[in-house]
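>>> My questions are about this predicted structure, shown below with the sequence.
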Amino acid sequence: MRLLNALTGLLGGALAFTGTTTGARAAPLPPDRAEGMYHLYTGGGLTSQGPALLLRKSLAEKVSVSGQLYVDAVSNASVDVVTTASKYKETRTELGLGLDYAVRDSNINVSLASSKEPDYRADAVSLDIAQETFGGMTTVNLGFTRAADKVGRAGIGFFDNAKHWQYRAGVTQILTSRWIASANLEAISDSGYLGNPYRAARVFGAAVPENVPRTRSSRALNLRVIGDMGSRDSLRGSYRYFWDNWDVRAHTLEGGYSRYVGESFLLDGFVRYYRQDKASFYSDNAQVQNLYVTRNRQLGTYNGVTLGGKATYDWMKLAGKYPMKLNGALELLRYRYSDYTDLRSGSPYSLNAAVLQLYVTASY
Amino acid sequence: MPKPIKIDMPQRRSLLGLVLLAAAGAAGAKVATQAQAPDFTLRQLDGPNLRLGEQRGRVVMVNFWATWCGPCRVEMPHLSRLYDKYRNSGFVLLGVNIDDDPGAAKAVAGKLGLKFPVLLDTDKKVVATYDLNAMPATVLIDRDGRVRHLHRGYREGVEQTYEQQLRDLLKE
Amino acid sequence: MRCSTLLASMLAAALLGGCAMPEPWVKPHERERLADPIMQWQGDLLAAKNSQHVRDIREGARGANGVQGGGCGCK
């Protein structure tokens, strides 16, 4: 009864804010789409490549179903691998299934994802709700993901597991007829085996197994703005601040520009800067014996710069059926580590990598 | 001295909700039924100008749409069907397109095979006059040029309501 | 909830009902530019997923790569 009263109050308030718009409203379903991609990552001794596929189709104007397949064939001879073990090859396959349901001015999405590789299994279920308010000028997003992983190690099989909870909330606001801004907050909690069974830590110069806390709690706040520049182009910028209870602090700054060129081309470029401060128990070579210790460079102090460019060609003439777009994208990444030594050379490690994406998209 | 009326917590929350709801209702919807439909003259996709006032004597449905509006595209085949069915009974459907680029309107109209007149409101003056605050927006006008029904947005199945209201207006 | 609070909320409601509440200032028919695909923060789905995966493996930060909603104003 009290909940009902609270809801009545909330609903009344919400209705007052939506002002004068009444009557039938329908948030559109995501458009029908097919995507096929080949992706390649190469850098730091690691190569990973594979195909990916996406299909999305709406049924009966009310529901949209989507399916995804993502394959990653990894050949790993990275610095961590060669200095502590030997290089290996393996394949990861990820499957996703999604359902979108539109009711009035809300869009509800339920999705399942399952990722499999020889020594790691991850399954996740997500619920996301997008609600349009204030005459469609404001969209509120709420989301929740629950994931469960099985952690394994080559040679001994699956020996532990990990659980994750993700909570998302965001607001997207139309500022003018040309500018949109959004703010998103995500809180993630993890529990279980959160380390890497192949990574060794270094204490007093000797390799020891790493010991990572069995819980982690993090928050990320992302602020974005995107605007139409008036010459068939758009400019976007975003800043994300990340913080967690392992003492990791990270800033991500990204800016991008998109422009239509001629009748059939679209060009896009972006720059991304990432800066991270290490976890409290991270050490390149620990000089103190602590309960937790890790040398996983993912948790160290470093910065990363990415430059990306993409070209899209609008290919309208597939037997007059439906328009297709051919896309090619290239990203160049450079990570510079302050407190991770490349044991082969003795100097701080630096990673240069490239990502290539070639893909076809069709809307029908 | 009258005793103060005690309102307990759950009742207070309901009251607050109701008060806000009432305020929402009083916020004033810009509906203009029973009033004369504002007249306009717009260029058609394929040729001469068309004036709303000249349609007096027929039941008119004015539908504001755009190529970039998903629900508008979903609604189109239903409107096309209504036009085909009732055009010979004194019904005319005017599709007022508000795209910046008339070329886009022409391409989509061709692709959807629209047979009813498509009018171009590129500078968005007519849609601003009608000020329905929704896309798509549909106005049903009777034979005397009066606005009788307003529909904001498209919801699955509303085309049946259109047909029912249309038939009632044709019978008058 | 005290009487003064109740009065305050009734006043707020009256104001909301009057002219003080801002109307949505970008009308649905003015949202053509916002509906363009280049006004989406996230690009094509598979490419965005791939790029994000590359970063997630190498970076300690995660989350808030959210989905941008709205923009079209269509109902």
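That came in fine, so what should we check first? Residues are numbered from 1 along each chain as shown, chains lettered A, B, ... in the order given.
>>> low-scoring stretches of chain C, by residue?
C:1-21, C:66-75 (pLDDT under 70).
>>> Number of residues surrounding A:E263?
7 (other Cβ atoms under 10 Å in any protein chain shown). No exception for glycine: its C-beta is placed from N, CA and C like everyone else's.
>>> Actually, A:A130.
23.
>>> Past the host helix or strand of it, which element shows up next along the chain?
Assigned by DSSP states H and E, A:A130 belongs to strand A:120-133. Towards the C-terminus, the helix or strand next in line after strand A:120-133, according to DSSP H and E, is strand A:138-153.
>>> Helices of chain C, residue ranges please.
Secondary structure of chain C (DSSP state H): helices at C:3-17, C:45-58.
>>> thinking again about what came up before, hmm, the strand holding A:A130 touching chain B?
No. Counting by Cβ under 8 Å from any Cβ of the partner chain, chain B is not contacted by strand A:120-133; separation bottoms out at 10.8 Å.
>>> Okay, buried residues for that strand please.
Using 16 or more other Cβ atoms under 10 Å in any protein chain shown as the test for burial, strand A:120-133 gives A:120-122, A:124, A:126, A:128-133.
>>> ok, now stretch B:33-48?
So, applying 16+ other Cβ under 10 Å, buried residues of stretch B:33-48: B:37, B:40, B:42, B:45.
>>> Between all of those, which two are separated the most?
Spatially, the most separated pair among the buried residues of stretch B:33-48 is B:A37 and B:L45, at 21.5 Å (Cβ to Cβ).
>>> in chain B, which spans are strands?
For chain B, strands defined by DSSP state E occupy the ranges B:41-44, B:47-51, B:59-65, B:91-97, B:118-120, B:137-141, B:147-152.
>>> Please name the bridge partners of the residue nearest in space to the middle of chain B.
Most central in chain B under Cα atoms, centre = their mean is B:T138, positioned 1.7 Å from the mean C-alpha point. Beta-bridge pairing of B:T138 under DSSP bridges involves B:N63, B:H151.
>>> quick one: contacts for the residue nearest to A:V360 when sequence neighbours are not counted?
Nearest-residue entry for A:V360: A:G36, 5.1 Å, with adjacent residues in sequence omitted and distances by Cβ to Cβ, 6 or more residues apart in numbering or on different chains. Residues in contact with A:G36 (Cβ atoms under 8 Å, 6 or more residues apart in numbering or on different chains) are A:51-54, A:359-360.
>>> Pull the distance from the helix or strand where A:G36 lies to the chain's centre.
Following DSSP H and E, one finds A:G36 within strand A:33-43. The chain centroid and the centroid of strand A:33-43 are separated by 15 Å under Cα atoms, centre = their mean, to the nearest Å.
>>> And for stretch A:149-159?
The answer for stretch A:149-159 is 25 Å, by Cα atoms, centre = their mean.
>>> Give me the buried stretch members for that stretch, please.
A:149-152.
>>> Convert the C-alpha atoms of that stretch to PDB, please.
What follows is stretch A:149-159, C-alpha atoms only, in PDB (Å, rounded to 0.1, in the frame of the first residue of the first chain):
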ATOM      1  CA  ASP A 149      32.500 -16.900 -15.100                       C
ATOM      2  CA  LYS A 150      34.300 -20.200 -14.800                       C
ATOM      3  CA  VAL A 151      38.100 -19.700 -14.500                       C
ATOM      4  CA  GLY A 152      40.400 -22.400 -15.700                       C
ATOM      5  CA  ARG A 153      44.100 -23.000 -16.400                       C
ATOM      6  CA  ALA A 154      45.600 -25.000 -19.200                       C
ATOM      7  CA  GLY A 155      46.600 -28.300 -17.800                       C
ATOM      8  CA  ILE A 156      44.300 -28.400 -14.700                       C
ATOM      9  CA  GLY A 157      41.000 -27.400 -16.200                       C
ATOM     10  CA  PHE A 158      38.400 -25.200 -14.500                       C
ATOM     11  CA  PHE A 159      39.300 -24.600 -10.900                       C
END
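>>> Please list the outside residues in contact with that stretch.
With contacts defined as Cβ under 8 Å, 6+ apart, stretch A:149-159 is touched by A:88, A:118-123, A:160-164, A:192-193, A:197-198.
>>> rerun that using 10 Å as the cut-off
A:85, A:88, A:90, A:115-124, A:160-164, A:190, A:192-198 (Cβ atoms under 10 Å, 6 or more residues apart in numbering or on different chains).
>>> measure stretch A:259-268 end to end?
One end of stretch A:259-268 to the other measures 6 Å (Cα to Cα, to the nearest Å).
>>> ok, and does that stretch reach over to chain B?
No. Contact of stretch A:259-268 with chain B (Cβ under 10 Å from any Cβ of the partner chain) is absent, the minimum separation being 10.8 Å.
>>> Next, please give the residue ranges for the helices of chain B.
Going by DSSP H, chain B shows helices at B:9-26, B:70-86, B:102-112, B:125-130, B:158-171.
>>> could the ones you listed be laid out in TSV, adding mean neighbour count and mean pLDDT?
Below are the helices of chain B laid out as TSV (neighbours: other Cβ atoms under 10 Å in any protein chain shown; pLDDT from 0 to 100):
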stretch	mean neighbour count	mean pLDDT
helix B:9-26	18	52
helix B:70-86	19	92
helix B:102-112	15	90
helix B:125-130	17	93
helix B:158-171	15	93
